[in-house]
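when you get a sec, could you give me coordinates for this:
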Amino acid sequence: MEDNKQGAGGSKKIYIAIIILLLLINGGAIYKLWDENRKREDQKTVIEQKDTELKSLNQQFETAKQDLESMKGKNSELDSIVNNRQAQIEKIQGELAAAQKRGNLSAGELKKYKDMVAQVQAQNAELQKKIEELTAQNQELNAKNLDLTKNLDAEKTTTATLTDQNKGLSKKVELGSLLHLQNLKVEGEKKKKNGKEVAKTSAKSIDLLKISFATGDNKVLEKGNLSLYVRVINPKGETISVADQGSGTLKLADGGTDMQYSKKVDLDWDQTSKNVAIDWTENIKTAGTYKVEVYQAGYLIGQSSVTLK
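Presented below is the predicted three-dimensional model:
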């Protein structure tokens, strides 16, 4: 009897141990399933948050573009700048949409677009301030012109005052004189023995970068010699500057700081569109993206790039 009781007690302990083991296994499986679900939810949250940020960025770019639209017609001298900046925003929106479609936008790229939004908003605020200043100055000039009609004796004095004020406005007229470059392209090319040039995508295969664009018409810009400054930027973000190739420095219109350029191009400007082609051959054998910027009177008027393998 005692042996039977001991045997039954031992079996009971074994059953209990098995039950505990099964509970532990089930508990582990349940925890693993819960952990996987939590990770999926966390990943989903990250994706949704990034999508929300992308939509917000696009909306901010759209708002900036609409803000520019509202500036049109208030000052004809600045309308060309407004059109140019709207085109730049649309290009950025296109890049952002492509990145969103790929779904692999990194944190660094997201920050880059956030910085772009901030830059665009700052530029819009600056442009709006200039328009308000010009509007105020024009209103002041109109008021003084009314005074001239009422008081002919003060004509000489008032005319001299207007001349001084117009000198201040001449800087603003520069903005309306800026070119709006068309079809700005950069291509790697190799020269054949027969003199012909063939497009290539490998840095080691090319002999030059062919930079081409059309200036577009501009009836505001006075006829005569026109200097454009081309800046070639290597994959490291450095300006390629070679003294014996005509490289030098120019002063930027905003702030007057000096900036290196790679090549200067002089045109005989007659207010009609001109096709321009520039060859750059120096320090272009490193693979990566080469950027090209074109400046007029210290203002950036066009930019493009090419990626070489």
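
where does the prediction get shaky in the stretch 101-250 of the chain?
103-105, 149, 151-173 (pLDDT under 70).

how about the strands in it?
Per DSSP state E, counting those that start in this stretch, the stretch 101-250 of the chain carries strands over the ranges 182-191, 197-200, 208-214, 224-233, 248-251.

need the ones you listed in TSV (columns: mean neighbour count and distance to residue 301).
Heads up, the C-betas are built off the backbone N, CA and C, glycines and all. Below are the strands of the stretch 101-250 of the chain laid out as TSV (neighbours: other Cβ atoms under 10 Å; distance: least, Cβ to Cβ, whole Å):
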stretch	mean neighbour count	distance to residue 301
strand 182-191	16	9
strand 197-200	14	25
strand 208-214	19	10
strand 224-233	18	8
strand 248-251	14	13
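
turn these into a markdown table, columns for distance to residue 71.
Listed next are the strands of the stretch 101-250 of the chain as a markdown table, based on distance: least, Cβ to Cβ, whole Å:
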| stretch | distance to residue 71 |
| --- | --- |
| strand 182-191 | 22 |
| strand 197-200 | 40 |
| strand 208-214 | 26 |
| strand 224-233 | 26 |
| strand 248-251 | 26 |
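
between those, which gets nearest to residue 62?
The closest of the strands of the stretch 101-250 of the chain to residue 62 is strand 182-191. By Cβ to Cβ, the value is 24.6 Å.

starting at the chain centroid, how far to the closest one?
In this view, strand 182-191 has its centroid 20 Å away from the chain centroid, taken as Cα atoms, centre = their mean, to the nearest Å.

please parse this protein into its domains.
1-176, 182-308 (automatic domain parsing).

just name the most buried of the ones you listed.
For these, the largest average neighbour count (mean count of other Cβ atoms under 10 Å) is found in domain 182-308, namely a mean of 15.

what's the closest non-adjacent residue to residue 83?
The shortest distance from residue 83 to any non-neighbouring residue, by Cβ to Cβ, 6 or more residues apart in numbering, is to residue 180 (7.0 Å).

separation between the one you found and residue 295?
14 Å (Cβ to Cβ, to the nearest Å).

overlap in contacts, the two.
Listed as contacting both residue 180 and residue 295 by Cβ atoms under 8 Å, 6 or more residues apart in numbering are residue 301.

and the residue nearest to residue 83, how many residues sit next to it?
Residues lying near residue 180 (other Cβ atoms under 10 Å) number 17.

who's in contact with it?
80, 83, 84, 216, 218, 301.

return the distance of the second one relative to residue 261.
Residue 83 sits at a distance of 25 Å from residue 261 (criterion: Cβ to Cβ).

same check, this time on residue 18
Applying Cβ to Cβ, the value for residue 18 to residue 261 is 82 Å.

ok, residue 204 next?
According to Cβ to Cβ, residue 204 and residue 261 sit 26 Å apart.
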